[in-house]
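Engineer: Provided below for reference: sequence and predicted model.
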Amino acid sequence: MLTPLPDALATEDGKRTVSLNEIVVRKAWRGRGVAWQLHEAWLTHRAEERVTLLVNPLNGDGAVQAVHEAWGYRKLGDQQPFADSPVFSVMLRSVAQADA
């Protein structure tokens, strides 16, 4: 993290948080809710309490991050995993959502 998180938020026990790497949907299937359905189906089988992911806020002029926000994620801060990588938004949400 470029700015450290509070200990209560960053503390891990190996079972608290799952990390999502990518969901890729073929172009012909985009805009139909397929990625969201895959995402929610995957989370249904998770035992962790929360899920985290990295989003490049420049992708799609911010549209990719906005999609994740619509899915219930909130931005925690920024991370640059490598010196030559983009700065990513670190996003987090609960695995189970009341409105899901």
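Structural biologist: Looks like it arrived, so ask away.

Engineer: what helix or strand is the most centrally placed residue in the chain on?
Structural biologist: Geometric centre of the chain, nearest residue: Leu53, 3.1 Å, by Cα atoms, centre = their mean. Leu53 is part of strand 50-55 when elements are defined by DSSP states H and E.

Engineer: thinking again about what came up before, list the residues that contact the residue nearest to the centre of the chain.
Structural biologist: Residues counted as contacts of Leu53 (Cβ atoms under 8 Å, 6 or more residues apart in numbering) are Ser19, Leu20, Asn21, His68, Tyr73, Met91. For the C-beta atoms, the positions are set from N, CA and C on the backbone; glycine is no exception.

Engineer: so what's the nearest residue to the second one once chain neighbours are set aside bridging to?
Structural biologist: Same thing as Leu20. For Leu20, ignoring the flanking residues on the chain, the nearest one in space by Cβ to Cβ, 6 or more residues apart in numbering is Leu53 at 4.4 Å. Bridge pairing for Leu53 (DSSP bridges) gives the partners Met91.

Engineer: relative to Met91, how far out is Leu53?
Structural biologist: Leu53 sits 5 Å away from Met91 when distances are taken as Cβ to Cβ, to the nearest Å.

Engineer: what residues are shared contacts of those two?
Structural biologist: The contact sets of Leu53 and Met91 overlap at His68, Tyr73 (Cβ under 8 Å, 6+ apart).
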